[in-house]
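1. Predicted model and sequence follow; I will ask about them next.
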Amino acid sequence: MALFSQTSQQGFQALLWKCHMFWPVSRCRQLFSASFSIPNREKINSFSFMTSSSTALPVDPKETDVLPTKKKSEIDCKEGKGWDEETKEIPEGKFHFSSSVGAAKKWSMSRVLSRHKFSNLQPPEKPLQAEEWNKLREDFQSPEIFEEVMLNSMIRCNSPIDVAKSLLSHLAKRNGDIAYNVLVKYLTLCVQQGQVSEIRDVYDIMKVKFKILESGAYNLLIRGLSNSNQWRMALTVLEEVKKIMIPSRTCYESCIKAASRHQEMKLAFELYKEMLAKDVVPTLDVLQSFFDFSRGMKGAELQKELFGILLYLRENQIYPHKTFMRSIKLWFE
């Protein structure tokens, strides 16, 4: 793990030393003793720290800010890149899914084709009739994977949801069913556009068709719901995930941010402690969000929890990036 410059370290420590105003001296000494030396290097070396998409970019301590991330509005239809990382592991090809085994991870891929082979396929601008979809499918060089490739193109170009719905409606009428991976791709487009009612409809369909979903689908569901006014439903889905697997970092952090955004800080910290207890490593992004959403809020318990995050950073030799440092500084002020 790359460490920050000495100047950056001193700036971080200067912020942390302000806790003398809030904590007993003995506790502060325990938290910020001397320099940030590593007491147990083996422990630190084995510590796996991951960053989210917003903080995974390289950070230059000489710069004033981290590198900016690309906005969704800047997504070029010709780039050939999907919007959501959860769909990267769902390539075009045939999948065989057996709901009887009770786990979506049992589906296997019988053929894998290059993601970029069909990247030039452009989705229609408006919903099509069955005859029009059939014509496009017949003209496509690999008709058996036409729907998957078309949905990938819709995700890349952020097509209107009605266009995707017309494709799924046509597929359901033609085959009498819609495959798991096709539903996940449609779900990706719904989450990308914040189509909450569609997200809920897809979830209802998937719960009936498949006993258990795979992690990527749960990530999408929770992410989509947590960013809406129905964010508490994301907590319900999280509880369902806990019954069958350890929730992913994305699941936990989406719920934490939703709770923090609605100033339910007690709930947010409960989820944070729960993910640590399950050895799910938080990202800098979610740790920063605690300080961002707590700004202006008061309370001894809240202060204690936030200083606990600073202690977590110190014990694991994690140095915040510039924007995180600014959030900590603003919270102190």
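-> Yes, it's here.

2. Does the helix or strand encompassing Leu168 pack against any helices or strands, and if so which?
-> Taking DSSP states H and E as the definition, Leu168 sits inside helix 161-175. If you count contacts as 3 or more C-beta pairs under 8 Å, 6 or more residues apart in numbering; DSSP states H and E, helix 161-175 packs onto helix 130-139, helix 146-157, helix 180-193. Backbone N, C-alpha and C define where each C-beta goes, glycine included.

3. Which of the residues in the shortest one are classified as buried?
-> By neighbour count with 16 or more other C-beta atoms under 10 Å, helix 130-139 contains the buried residues 133, 136-137.

4. would you put the C-alpha positions of it in CSV?
-> Taking Å, rounded to 0.1, in the frame of the first residue of the first chain, the C-alpha atoms of helix 130-139 are listed here in CSV:
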residue,chain,number,x,y,z
ALA,A,130,-42.2,-8.1,-32.8
GLU,A,131,-41.6,-8.1,-36.5
GLU,A,132,-39.0,-5.5,-36.3
TRP,A,133,-37.1,-7.3,-33.5
ASN,A,134,-37.3,-10.5,-35.5
LYS,A,135,-35.8,-8.8,-38.5
LEU,A,136,-32.9,-7.4,-36.4
ARG,A,137,-32.3,-10.8,-34.9
GLU,A,138,-32.3,-12.6,-38.2
ASP,A,139,-29.8,-10.1,-39.7
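
5. what packs against it?
-> In terms of contacts (3+ C-beta pairs under 8 Å, 6+ apart), helix 130-139 is packed against helix 146-157, helix 161-175.

6. same deal with the last one?
-> Here helix 180-193 touches helix 146-157, helix 161-175, helix 196-209, helix 215-226, going by 3+ C-beta pairs under 8 Å, 6+ apart.

7. what's the angle between that helix and helix 146-157?
-> If you take axes from the mean of the first three to the mean of the last three C-alpha atoms, to 10 degrees, helix 180-193 sits at 20 degrees to helix 146-157.

8. Now do helix 180-193, average pLDDT.
-> Here helix 180-193 scores 96 as its mean pLDDT.

9. Tell me, how many residues neighbour the nearest residue to Arg137 once chain neighbours are set aside?
-> Nearest residue to Arg137, sequence neighbours excluded (C-beta to C-beta, 6 or more residues apart in numbering): Phe146, at 4.5 Å. If you count neighbours by other C-beta atoms under 10 Å, Phe146 ends up with 22.

10. Low-confidence stretches in the stretch 1-150 of the chain?
-> For the stretch 1-150 of the chain, the stretches with pLDDT under 70 are 1-119.

11. And the contacts of the helix or strand Leu271 falls within?
-> Element membership for Leu271 (DSSP H and E) is helix 265-277. The contact list for helix 265-277, computed with C-beta atoms under 8 Å, 6 or more residues apart in numbering, reads 247, 249, 252-253, 255-257, 259-260, 282, 286, 290, 293-294, 297, 301-302, 305, 312.

12. Using the record's domain definitions, break this structure down for me.
-> 1-64+283-333, 70-213 (automatic domain parsing).
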